[in-house]
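S.K.: fold the following, please.
(one chain, ligands or ions: 1)
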Amino acid sequence: MTPIEFTRAKASGKKLSMATCYDYTFGRLLAQSPIDAILVGDSAAMVIHGHETTLTATVEMMRVHVAAVARAAANKLIVADMPFLSFRKGLTAAMEAAHVLMSAGAHALKLEGVVGHEDVVEHLVRSGIPVMGHVGLQPQSVKAYGGFKPQGREETSALEIAKNASRLEELGVFGIVIECVPAVLAGQITQALSVPTIGIGAGPGCDGQILVLQDLLGLNSSFHPRFARAFCEGEKTIFEALTSYDDAVKSGSFPTSKESYS
Ligand code: KIV
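M.R.: Residues are numbered from 1 along each chain as shown. Got it, this is the predicted structure:
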């Protein structure tokens, strides 16, 4: 799917599915799946590298993950997150970061927010780089929020989020992620825009949904936000496999002669 097809899906009423991905192995699986698009999210800093926030993601970290996913799943629309502050250090620095991520194999870039970097969004779009917006809970602003908290519950903040979404559409984004806002607000924003909205913790009224891959595969039983449905018991399945392997090694039933060279 191209960014143009992604945008057009809204007019045809087709719901869009997205999942995050950070590596080659899962990239191969996503490449064969019906999922419409992949986000190489800066959530890599948390999910893959074990940090508490996304603030430690760097352009170099993102480049490595984008390149691995692109080697596996170039048939999918690959959106890469521009990491913390990479688009807030002036236009030249932002364009250099964008260049690195696009050269690594991204097909599009996602930036959180819009106020204060409208020039970057506009310049990227005018340079032929498809841009995805991100409003609502912006994890790169976690310090300002004082934690990962749903946004847009008060009227002023709801209006601000809706205004930012419209501004992003005016600037030419091809889609917008809406994270952790009341479902009614996300529905209203979705109705008001002609580009698709992709929700995460934003209810069923969005044009599509995104989940972190490890959450949807049930690989993180210690993290249970209400929106992160696990579609399989990944942790349990993997733990059972590791236990069976350990048993087989210790009982001597692995490897067999068929699994050995003569
Ligand atoms: O980095 C990420 O995983 C994201 C999603 C939560 C949308 O931005």
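
S.K.: so what's the residue of the chain found nearest the ligand closest to, chain neighbours aside?
M.R.: Scanning the chain for the residue nearest the ligand gives residue 41, at 2.3 Å (criterion: Cβ to the nearest ligand atom). Bear in mind the C-beta positions are built from the backbone N, C-alpha and C, glycine included. Of all residues not flanking residue 41 in the chain, residue 20 sits nearest, at 4.4 Å (Cβ to Cβ, 6 or more residues apart in numbering).

S.K.: neighbours of the one you found, just the number please.
M.R.: Applying other Cβ atoms under 10 Å, we find 26 residues neighbouring residue 20.

S.K.: list the contacts for it?
M.R.: Remark: with contacts taken as Cβ atoms under 8 Å, 6 or more residues apart in numbering, residue 20 is in contact with 38-41, 43-44, 47, 210-213.

S.K.: low-confidence regions, this structure specifically.
M.R.: Counting by pLDDT under 70, the chain shows no low-confidence range.

S.K.: all strands for it, in order.
M.R.: If you assign secondary structure with DSSP state E, the strands in the chain sit at 16-20, 37-40, 77-81, 108-110, 131-136, 175-179, 197-200, 208-211.

S.K.: make JSON lines out of the ones you listed and add distance to residue 55.
M.R.: As requested, the strands of the chain are exported to JSON lines (distance: least, Cβ to Cβ, whole Å):
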{"stretch": "strand 16-20", "distance to residue 55": "17"}
{"stretch": "strand 37-40", "distance to residue 55": "17"}
{"stretch": "strand 77-81", "distance to residue 55": "12"}
{"stretch": "strand 108-110", "distance to residue 55": "16"}
{"stretch": "strand 131-136", "distance to residue 55": "15"}
{"stretch": "strand 175-179", "distance to residue 55": "16"}
{"stretch": "strand 197-200", "distance to residue 55": "19"}
{"stretch": "strand 208-211", "distance to residue 55": "20"}
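
S.K.: so for residue 98, which of those sits nearest?
M.R.: Minimum separation from residue 98 across the strands of the chain (Cβ to Cβ) falls at strand 108-110, 5.8 Å.

S.K.: tell me the contacts of the residue nearest to residue 34 when sequence neighbours are not counted?
M.R.: The shortest distance from residue 34 to any residue that is not its chain neighbour, by Cβ to Cβ, 6+ apart, is 7.4 Å, and that residue is residue 17. By Cβ under 8 Å, 6+ apart, the residues touching residue 17 are 34-37, 208-210.

S.K.: cool, thanks, talk later.
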